[in-house]
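Chemist: what follows is a predicted structure for the sequence shown.
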Amino acid sequence: MRELTELWVDAQAWLFDTFVSPVLFHFGLMAWYEPGYNAVEFIMLGVVQIAIIAVGMRFFERRWPLEKSSADDRLIRVDQVYTVLNKLGIVPLAIFIVTYPLVQHIELSMRTWGFAPPRLERILPWLGDNALASFLVYFILYDFAAYWLHRAQHGFAWWWSLHSLHHSQRRMTVWTDDRNHVVDDLLINLALVLFSQVVGVQPGEYVLILMIGRLVESWSHANVDMSFGRLGERLLVGPRFHRLHHALSTPEERHIQDHNFAPVFPIWDILFGTAIYDGKHRPTGVDDPVVDADNGRGWITQQVTVLGRLVRALVPGLRRSSMSPGLRPPAE
């Protein structure tokens, strides 16, 4: 393990010294030296995640697909673009550049006020002696925050106008998790980073939590009818559990997507009454033809179109097509 760690660190240092550092030096951006070094590791982790998805997870989709291949498979290509842009750090880098000054300002303000993040080890000293237990506790807190943010994406009409892009995919696969609007990603990442600052998650722990959490979420979108067993599916979100959250609304189940929100741990859905375990197979997508039209569009067109949905959702006279299925007035 030590050899692998040293190899990883050496590769990160070589990539940074060879490609990133000269650029920062040339443009006088040495203030970004440390963030740039961390960004190299982020990209390396992205390559690992893409490999796990493309080789490991896709094996199960090809071997035991829930929905057989069809002409709609072409709709998956844009999701692959989303995954590459997100996992290789292109979209996160843009978000990081926007949020980094704000996060730094908040950190500086907290120090000026004499506020120190309340590390759990101060409240529970025994956690300091168990790195795994400490990591799991912070992971659970992170997922708790992500659960409520996910509910907010469905609960506010303006936020649903962004998040609906994620739900519009009719051919859900392991590539679908990264199918999000950049403004949606910006809001979620900013909220989670600030939450992590408040509860005291260390940067190294946050990166690992993010990587493991995103891999679990990628798998939960897989085109397979699998779970972790009767007990396991109540401990960890799997494809069967999360597919219901992407189910196409029907007159009989208008609010079906307002269930199974949890990104990693289903306990939040169980505790707050949003869990459904019925094992039924349902088609995925949205019942709004305006949002459904996202299918077949490319990355740029989707981003521009969804931004227009957000603008319409924020102005008076909210259009029905911009609203969450759970917030629309009942059909007459």
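Modeler: Arrived safely. Residues are numbered from 1 along each chain as shown.
Chemist: low-confidence bits of the stretch 1-150 of the chain, can you list those?
Modeler: The model of the stretch 1-150 of the chain has pLDDT under 70 over residues 1, 71, 90-100, 103-104, 106-107, 110, 115-119, 121, 128.
Chemist: how about the helices in the stretch 1-150 of the chain?
Modeler: Secondary structure of the stretch 1-150 of the chain (DSSP state H, counting those that start in this stretch): helices at 2-15, 21-26, 33-51, 58-63, 76-87, 90-112, 120-123, 131-155.
Chemist: among these, which is the most enclosed?
Modeler: Among the helices of the stretch 1-150 of the chain, helix 76-87 has the highest mean neighbour count (mean count of other Cβ atoms under 10 Å), at a mean of 19. C-beta coordinates here come from the backbone N, C-alpha and C atoms, glycine included.
Chemist: nearest to residue 178, of the helices of the stretch 1-150 of the chain?
Modeler: helix 76-87 (4.2 Å; Cβ to Cβ).
Chemist: could you check the angle that closest one makes with helix 33-51?
Modeler: Orientation check (axes from the mean of the first three to the mean of the last three Cα atoms, to 10 degrees): helix 76-87 against helix 33-51 gives 150 degrees.
Chemist: which strands and helices lie in contact with helix 76-87?
Modeler: Applying 3 or more Cβ pairs under 8 Å, 6 or more residues apart in numbering; DSSP states H and E, one finds that helix 76-87 contacts helix 33-51, helix 90-112, helix 299-314.
Chemist: for residue 77, find the nearest of the ones you listed.
Modeler: Taking Cβ to Cβ, helix 299-314 is the member of those nearest to residue 77, at 9.7 Å.
Chemist: could you dump that closest one to PDB, C-alpha only?
Modeler: C-alpha atoms of helix 299-314 as PDB (Å, rounded to 0.1, in the frame of the first residue of the first chain):
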ATOM      1  CA  TRP A 299     -24.500  19.300 -24.100                       C
ATOM      2  CA  ILE A 300     -24.400  22.900 -25.100                       C
ATOM      3  CA  THR A 301     -28.000  23.000 -26.300                       C
ATOM      4  CA  GLN A 302     -29.200  21.400 -23.100                       C
ATOM      5  CA  GLN A 303     -27.300  23.900 -21.000                       C
ATOM      6  CA  VAL A 304     -28.700  26.900 -22.900                       C
ATOM      7  CA  THR A 305     -32.300  25.500 -22.900                       C
ATOM      8  CA  VAL A 306     -32.300  24.700 -19.200                       C
ATOM      9  CA  LEU A 307     -30.900  28.100 -18.400                       C
ATOM     10  CA  GLY A 308     -33.900  29.500 -20.200                       C
ATOM     11  CA  ARG A 309     -36.200  27.300 -18.100                       C
ATOM     12  CA  LEU A 310     -34.600  28.800 -15.000                       C
ATOM     13  CA  VAL A 311     -35.200  32.300 -16.200                       C
ATOM     14  CA  ARG A 312     -38.800  31.600 -16.900                       C
ATOM     15  CA  ALA A 313     -39.200  29.900 -13.500                       C
ATOM     16  CA  LEU A 314     -37.800  33.000 -11.800                       C
END
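Chemist: angle of it against helix 76-87?
Modeler: Using the same axes, to 10 degrees: helix 299-314 against helix 76-87 is 80 degrees.
Chemist: residue 225 - that's part of a strand, no?
Modeler: No. In this structure, residue 225 is coil, not part of a strand, as judged by DSSP: H, G, I helix; E, B strand; the rest coil.
Chemist: going forward can the numbers begin at 51, since that is how I track them
Modeler: Done: numbering now begins at 51, and the last item shifts to residue 275.
Chemist: run a quick neighbour tally on the closest residue in space to it that isn't next to it in sequence.
Modeler: Leaving out its chain neighbours, the residue that sits closest to residue 275 by Cβ to Cβ, 6 or more residues apart in numbering is residue 116, at 4.6 Å. The number of residues packed near residue 116 is 16, by other Cβ atoms under 10 Å.
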